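Peer 1: I'd like to go over a predicted model; first the sequence, then the structure.
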Amino acid sequence: MIIDFHTHIFPDKIAARTIEKLENIANVRAFTDGKEASLTASMEEAGVDISIVLPVVTRPEQFDTINDFAARLNEKYQDSNYRLLSFGGIHPDTLNYKRELRVIRDLGLQGIKLHPDYQDTYFDDIKYMRILDYAAELGLISVVHAGVDIGFPNHVRCSTERICKVIETVAPERMVLAHYGGFGLWDEVAEWIAGGNVYLDTAYIFGFIEDSTFLQILQKHGADKILFATDSPWSGQKESLEYLRNLPMDSSDLNQILGQNAQKLLQLST
């Protein structure tokens with residue numbers, strides 16, 4: 001089983017303008033149009049069995065709309081040969097984070113996505129730490145954008161230093177640091193984060209990280225805590241799989257990264 005732990009889609013009616021807006025902000029080109037059908041077509045071409053969809057709540061009032069969409073998506077794909085499996089979203093400025101996290105759990109969503117840059121909040125803010133702590137108590141997975149966001153390159157809200165503070169203060173279980181622990185900060189990740197009790201995903205790193213640095217972090221952190229991910233539509237699933245498979249690593253490590261670790265984290269049967 002191959003699981004892409006980090007993807008994004010948008011409702012068809014807003015996908016085109018959302019992709020265009022994000023392309024202009026980050027000065028990049030998307031691999032797909034960001035629609036549900038394009039992701040499933042990409043999965044079929046690449047041989048991906050499950051894609052985890054990570055919505056970002058950029059304003060507190062989006063909570064109900066985004067999480068209802070996520071729950072409906074999961075219901076739609078629960079019996080499919082290939083699956084989209086959406087997490088939920090929550091904003092740090094919510095007035096009742098505990099209630100909203102319970103809603104996410106009760107909707108059957110297995111985790112949440114946090115994005116310090118798009119939510120304009122530093123990662124070591126008490127609002128995030130409370131969310132991470134209670135999410136762990138509820139058994140939810142937390143996926144966090146880590147490191148530089150290419151749309152906000154001069155203002156890093158989830159730096160290695162802030163990540164270490166959160167880990168030391170909260171020790172959140174089942175936390176995934178996207179972009180291999182911190183986009184563009186991989187030397188710091190290798191020194192300060194690798195080997196810790198967190199998961200790292202591989203979203204949108206191939207072509208940016210040096211192969212030697214990737215393998216250094218892999219060796220120190222352990223293949224059992226690394227998750228294959230693409231950040232689709234911003235990276236191609238087929239292309240990312242090809243890149244990863246061409247790196248010099250044991251087949252057992254590769255199989256863990258491609259799906260076995262995610263299966264265990266998501267508690268999925270084979």
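Peer 2: Structure's in. What do you need?

Peer 1: okay, CA-based contacts and neighbour counts for the rest of this
Peer 2: Will do.

Peer 1: can you give me the distance of residue 54 to residue 250?
Peer 2: Going from residue 54 to residue 250 by C-alpha to C-alpha, to the nearest Å gives 29 Å.

Peer 1: spatially nearest residue to residue 263 (excluding sequence neighbours)?
Peer 2: Distances taken as C-alpha to C-alpha, 6 or more residues apart in numbering place residue 269 nearest to residue 263, at 7.2 Å, with adjacent residues excluded.

Peer 1: that neighbour: how many residues sit nearby?
Peer 2: For residue 269, the count of nearby residues is 6 (other C-alpha atoms under 10 Å).

Peer 1: now do the SS call for it.
Peer 2: coil (DSSP: H, G, I helix; E, B strand; the rest coil).

Peer 1: tell me the predicted confidence for it.
Peer 2: Looking at residue 269, its pLDDT is 75.

Peer 1: ditto for residue 78
Peer 2: Looking at residue 78, the pLDDT reads 89.

Peer 1: what sits up against the host helix or strand of residue 133?
Peer 2: In this assignment (DSSP states H and E), residue 133 forms part of helix 126-137. Applying C-alpha atoms under 8 Å, 6 or more residues apart in numbering, the contact partners of helix 126-137 are 92-93, 97-98, 101, 123, 141-142, 166, 170, 172-174.

Peer 1: in ChimeraX, how would I select just the buried ones from those residues?
Peer 2: The buried residues among the contacts of helix 126-137 can be selected in ChimeraX (16 or more other C-alpha atoms under 10 Å) with this line:
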select :92,93,97,101,123,141,142,166,172,173,174
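
Peer 1: which stretches of this structure have low pLDDT?
Peer 2: Low-confidence segments of the chain (pLDDT under 70): 270.

Peer 1: show me where it has strands.
Peer 2: In the chain, the strands defined using DSSP state E lie at 3-7, 50-53, 83-86, 88-89, 111-114, 141-144, 175-177, 199-201, 226-227.

Peer 1: now tabulate those strands in CSV and tack on distance to residue 238.
Peer 2: Shown next, in CSV, are the strands of the chain (distance: least, C-alpha to C-alpha, whole Å):
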stretch, distance to residue 238
strand 3-7, 11
strand 50-53, 13
strand 83-86, 17
strand 88-89, 26
strand 111-114, 24
strand 141-144, 23
strand 175-177, 22
strand 199-201, 16
strand 226-227, 16
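
Peer 1: out of these, which one sits most buried?
Peer 2: strand 88-89 (a mean of 30; mean count of other C-alpha atoms under 10 Å).

Peer 1: that one: partners in the sheet, and parallel or antiparallel?
Peer 2: The strands beside strand 88-89 in its sheet (DSSP bridges) come out as strand 111-114 (parallel).

Peer 1: so how far is the partner strand off the chain centroid?
Peer 2: On the basis of C-alpha atoms, centre = their mean, to the nearest Å, strand 111-114 sits 8 Å off its chain's mean C-alpha point.

Peer 1: show residues contacting that strand.
Peer 2: 54-56, 87-91, 104-105, 140-145.

Peer 1: nearest to residue 226, of these?
Peer 2: Closest to residue 226 out of the contacts of strand 111-114 is residue 143 (12.7 Å), distances taken as C-alpha to C-alpha.

Peer 1: dump the residue contacts of that closest one.
Peer 2: Counting by C-alpha under 8 Å, 6+ apart, residue 143 has contacts 111-114, 175-178.

Peer 1: do you know how far it is from residue 23?
Peer 2: For residue 143, the distance to residue 23 - C-alpha to C-alpha - is 22 Å.

Peer 1: quick one: stretch 217-232 to chain centroid distance?
Peer 2: Worked out by C-alpha atoms, centre = their mean, stretch 217-232 lies 12 Å from the chain centre.

Peer 1: all the helices of this protein, residue numbers only.
Peer 2: 12-26, 36-46, 63-77, 97-106, 126-137, 160-170, 186-188, 211-221, 237-245, 251-255, 261-266 (DSSP state H).

Peer 1: make a markdown table from the ones you listed and add distance to residue 83 to it.
Peer 2: A markdown table is the format used below for the helices of the chain (distance: least, C-alpha to C-alpha, whole Å):
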| stretch | distance to residue 83 |
| --- | --- |
| helix 12-26 | 18 |
| helix 36-46 | 8 |
| helix 63-77 | 5 |
| helix 97-106 | 19 |
| helix 126-137 | 24 |
| helix 160-170 | 31 |
| helix 186-188 | 31 |
| helix 211-221 | 28 |
| helix 237-245 | 15 |
| helix 251-255 | 19 |
| helix 261-266 | 13 |
